[in-house]
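Asker: Got a predicted structure plus its sequence, pasted below:
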Amino acid sequence: KCSDDESVCPTEKNKKDIQQLGLWAEGVAGEFNLDVLGFYFETLDSATAPVVSDSSLLPLWTFDGENDHDIKLTNDPVMGGVSDSSYNVTGNAVDWTGSCKVVPSLSAPGFCNLESKKNFDKFPDATGSTHLTLLVKSDTPDYQGFKVSFAANTLNPQFKSFKADFFINDDTPVDEETGYFKVSVPFTSFSNNWSSYTGEPIVKCSDDESVCPTEKNKKDIQQLGLWAEGVAGEFNLDVLGFYFETLDSATAPVVSDSSLLPLWTFDGENDHDIKLTNDPVMGGVSDSSYNVTGNAVDWTGSCKVVPSLSAPGFCNLESKKNFDKFPDATGSTHLTLLVKSDTPDYQGFKVSFAANTLNPQFKSFKADFFINDDTPVDEETGYFKVSVPFTSFSNNWSSYTGEPIVKCSDDES
């Protein structure tokens with residue numbers, strides 16, 4: 001990743017000489033949809049993070065002596081796992097740091113888990129609430145393996161807890177009172193049918209309500225936990241507490257922003273022909289199609305497992321010419337998308353741009369992006385505003401998964 005190696009980061013010259021732009025559904029099997037108004041660039045700083053002041057947070061587990069519970073730590077206990085982590089309680093917060101490592105016998109990442117010690121403890125009644133919310137800080141916001149869990153009404157809290165992914169990004173709002181990021185996870189994102197190898201849902205709540213938390217489950221929470229799971233890497237979380245709250249769609253951050261400068265739009269002003277690529281080799285079976293409707297492109301498809309690889313393939317929508325000309329984005333900090341999606345839970349979305357390369361297919365700069373409850377809405381268009389820092393891009397990524405081999409944050413070359 002760019003955060004690990006500067007040699008893989010975009011330079012100012014790369015931002016000036018963008019030659020191709022693209023979107024990917026890659027490395028994650030599943031149906032996907034994106035309605036794209038356009039690609040833009042902008043300059044943001046940390047002061048632009050949404051700030052919220054919220055007295056609606058009701059505590060489940062805090063570390064200030066008011067709602068306290070003993071802590072239990074579990075680091076890859078079986079199969080020769082080598083992941084490790086430790087924690088310290090400092091002031092009113094828990095600082096948890098570790099490394100999720102590949103289990104040699106499985107050739108796949110293991111897990112670290114911090115949770116309340118008792119399997120059958122008692123927590124406040126969260127009946128009627130819509131979100132389980134964390135107040136957190138992190139030295140590793142790019143780490144993609146964070147999960148939160150709660151067990152309720154089960155004799156097997158280890159494997160029948162409800163679990164959901166969460167992410168920390170530029171769109172995550174900051175709690176005004178504490179200065180911590182406010183990560184609100186909808187209860188409808190949790191499932192109690194998840195893989196013991198990756199922590200990812202086998203069946204999603206959105207697909208089968210039998211795996212969703214019920215009001216009784218929210219009433220009878222017996223254990224709470226955090227996970228670094230299924231993604232190898234260093235991680236850190238500074239946790240102020242677990243809370244519950246009731247939100248509705250009106251609470252999504254709304255932004256009004258005239259600082260967006262277009263790179264590629266579909267209104268005839270900054271237009272380019274489109275090229276579609278669906279798993280072209282190795283017997284891939286992923287498929288997608290698009291329609292240009294009004295000023296937007298609607299892209300829909302299914303990323304499927306390539307039989308010969310036993311791993312998900314990809315679909316790619318991009319500007320048709322390998323050596324096209326786009327506006328100069330020198331000095332900007334973010335590549336921004338205005339999008340809507342019928343599949344916001346899909347975790348394989350990526351955005352790419354090529355610059356100063358004779359091999360745009362494999363040497364483009366690529367970064368993940370996600371759409372969640374914290375993603376702000378553009379006031380003028382009603383589309384989600386997904387701002388991806390240029391420091392999140394890397395041009396050294398796996399052709400099998402699209403994930404960075406070297407991060408820009410680790411090596412800016």
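Answerer: Arrived safely, thanks for sending.
Asker: quick one, what contacts Ser189?
Answerer: By C-beta atoms under 8 Å, 6 or more residues apart in numbering, Ser189 lies in contact with Ala164, Asp165, Cys205, Asp345. The C-beta positions use only the backbone N, C-alpha and C, and glycine is treated the same way.
Asker: TSV for these, including pLDDT and neighbour count?
Answerer: Supplementary listing: these in TSV, determined by pLDDT from 0 to 100; neighbours: other C-beta atoms under 10 Å:
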residue	pLDDT	neighbour count
Ala164	95	24
Asp165	95	23
Cys205	92	22
Asp345	90	20
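Asker: In strands only, show me those residues.
Answerer: Using DSSP state E, the members of the contacts of Ser189 that fall in strands are Ala164, Asp165.
Asker: how far away is Leu106 from Gly98?
Answerer: Separation of Leu106 from Gly98 (C-beta to C-beta, to the nearest Å) stands at 18 Å.
Asker: just Gly81 next, same as before
Answerer: Gly81 sits 12 Å away from Gly98, taking C-beta to C-beta as the criterion.
Asker: Would you map the helices across the stretch 101-250 of the chain?
Answerer: Counting by DSSP state H, counting those that start in this stretch, residue ranges of the helices within the stretch 101-250 of the chain are 215-219.
Asker: how about low-confidence regions in it?
Answerer: Counting by pLDDT under 70, the stretch 101-250 of the chain has low-confidence residues at 248-250.
Asker: And the strands in it, which stretches?
Answerer: Along the stretch 101-250 of the chain, counting by DSSP state E, counting those that start in this stretch, strands occupy 102-103, 108-109, 111-116, 131-137, 146-152, 162-165, 174-175, 181-186, 221-229, 233-245.
Asker: Over stretch 30-42, what's the mean pLDDT, rounded is fine.
Answerer: For stretch 30-42, mean pLDDT is 90.
Asker: returning to what we had before: ok, which pair from the contacts of Ser189 is furthest apart?
Answerer: Farthest-apart pair in those is Asp165 and Cys205; separation 12.5 Å (C-beta to C-beta).
Asker: Spit out the residues that contact Gly81 and Gly98 alike.
Answerer: Residues touching both Gly81 and Gly98 by C-beta under 8 Å, 6+ apart: Asn75.
Asker: Next, Phe362: secondary structure please.
Answerer: Recorded secondary structure, Phe362: helix (DSSP: H, G, I helix; E, B strand; the rest coil).
Asker: ok, now how distant is the closest residue to it other than its chain neighbours from Ala29?
Answerer: By the measure of C-beta to C-beta, 6 or more residues apart in numbering, the closest residue to Phe362 outside its immediate chain neighbours is Ser399, 6.3 Å from it. As defined by C-beta to C-beta, Ser399 lies at a distance of 17 Å from Ala29.
Asker: Please enumerate the strands of the stretch 301-413 of the chain.
Answerer: With DSSP E, counting those that start in this stretch applied, the stretch 301-413 of the chain shows strands at 305-306, 311-312, 314-319, 334-340, 349-355, 365-368, 377-378, 384-389, 408-412, listed in chain order.
Asker: Of all these, which one is nearest Ser7?
Answerer: The closest of those to Ser7 is strand 408-412. By C-beta to C-beta, the value is 4.6 Å.
Asker: follow-up on the earlier one: looking at Leu106 and Gly98 now, which is surrounded by more residues?
Answerer: Between Leu106 and Gly98, Gly98 has the larger neighbour count (other C-beta atoms under 10 Å), namely 21 against 12.
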